[in-house]
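Engineer: Could you look at this predicted model? Sequence included:
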Amino acid sequence: MGEHVSKGIFWFICGFNERDECDFSEAEMIAFPVSCDREGEVSGNPDFNSRKGNAYNHKETWASFVKHRKDLRKYGWNYFPRGRVEIADGRALLYLNINIIRYEGFWRDIVNMFHLKGLDVRVIVDNSAHYHCHEDDKRIQ
């Protein structure tokens, strides 16, 4: 199978400053990596919860995750900046909320968590409503 890499979803739990901008000074990364090969083929039987059954869904995963994190229960699944790692053709595609690129440690944290060293890693900033967080839309609570 080649060396171990992972794909999956993540959030950066950050604070928000007085202008409601993400403050990553004490950011915590929450990730759900799934082992796969360099083509993105998953090994084992992960408990995927997307409609197609081939990935994690942010909304569904957050709902089950916060059952174990009392400190985060008051926040919606889309409150914090988030993203996804996809693997295909020996390349890692990082789809992420635009605010994450202001966090200087984002690359290191994602590469380490998902074992992406040695892969061609591409960052795709997704500024669509799909990836908006509290900084992008104050209605998100």
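Structural biologist: Happy to help now that I have it. Residues are numbered from 1 along each chain as shown.

Engineer: For the protein, which segments are assigned as strands?
Structural biologist: Shown for the chain, the strands assigned by DSSP state E span residues 5-16, 22-36, 82-88, 91-96, 120-125.

Engineer: Nearest to Gly105, out of those?
Structural biologist: With C-beta to C-beta as the criterion, Gly105 lies closest to strand 22-36 of the strands of the chain, at 7.4 Å. Where you see a C-beta, it was placed from the backbone N, CA and C, and this is true even at glycine.

Engineer: Now that closest one - C-alpha only, CSV.
Structural biologist: Presented in CSV, the C-alpha positions along strand 22-36 are these (Å, rounded to 0.1, in the frame of the first residue of the first chain):
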residue,chain,number,x,y,z
CYS,A,22,-10.3,34.5,14.3
ASP,A,23,-7.5,34.6,16.9
PHE,A,24,-5.3,31.6,16.5
SER,A,25,-2.9,32.4,19.3
GLU,A,26,-4.2,29.4,21.3
ALA,A,27,-5.8,27.4,18.5
GLU,A,28,-6.6,23.7,19.0
MET,A,29,-6.9,21.5,16.0
ILE,A,30,-9.6,18.9,16.1
ALA,A,31,-9.2,16.4,13.3
PHE,A,32,-10.7,13.1,12.1
PRO,A,33,-8.0,11.5,10.0
VAL,A,34,-8.6,8.3,8.1
SER,A,35,-5.8,6.1,6.9
CYS,A,36,-5.6,5.7,3.2
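
Engineer: That strand - contacts with which helices or strands?
Structural biologist: If contacts are counted by 3 or more C-beta pairs under 8 Å, 6 or more residues apart in numbering; DSSP states H and E, strand 22-36 sits against strand 5-16, helix 106-113.
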